[in-house]
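In: Need coordinates for the below:
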Amino acid sequence: MRFLDTNILLRFLTGDDPAKAAASADLLVRADAGEEELLTSETVIAEVFYVLTRGRSGYQVERVELAERMKPVIVARSLRLPDKASVLRALDVYETYPALDFEDALSVAHMESSGISEIVSYDRGFDRVEGVVRVEP
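Out: Below is the predicted model of the structure:
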């Protein structure tokens with residue numbers, strides 16, 4: 001097993017370096033086929049969203065397109081992610097609620113899986129999420 005870093009996903013998704021994009025795609029295909037075991041983290045996934053949607057890189061990938069392109073990566077058969085179900089749920093929340101960034105969508109997914117409906121936050125974006133009650137300290 002090897003750890004999958006953010007830049008592999010970035011090269012795969014952007015294709016900005018054709019050789020690295022092809023190598024990254026090949027790695028992910030092998031992981032989906034069960035030929036390569038990879039481990040990654042929520043931090044890596046969140047960094048991909050940050051860089052491609054609001055980072056200083058200039059990519060500015062449309063949020064729904066990015067969520068849809070990430071789903072097959074996340075469900076790859078041999079990609080290990082400590083809480084894959086929450087990350088997949090976060091992708092759905094992210095697509096549904098444009099006021100949330102991916103990190104906030106991930107918080108909502110964790111709240112749901114823990115049976116928590118109340119969040120302590122100053123971020124008014126949570127006010128739009130069905131089933132979430134935002135309170136300030």
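In: Who are the contact partners of the nearest residue to residue 3 once chain neighbours are set aside?
Out: Leaving aside its sequence neighbours, residue 3 sits nearest to residue 39 (C-beta to C-beta, 6 or more residues apart in numbering; 5.3 Å). All C-beta atoms are positioned from the backbone trio N, CA, C, and that covers glycine. Residues counted as contacts of residue 39 (C-beta atoms under 8 Å, 6 or more residues apart in numbering) are 1, 2, 3, 4, 79, 80, 81.
In: For those residues, pick the one with the most neighbours.
Out: Ranked by neighbour count (other C-beta atoms under 10 Å), the contacts of residue 39 have residue 4 at the top, with 24 neighbours.
In: Am I right that that residue is in contact with residue 44?
Out: Yes: between residue 4 and residue 44 there is a contact at 6.7 Å, judged by C-beta atoms under 8 Å.
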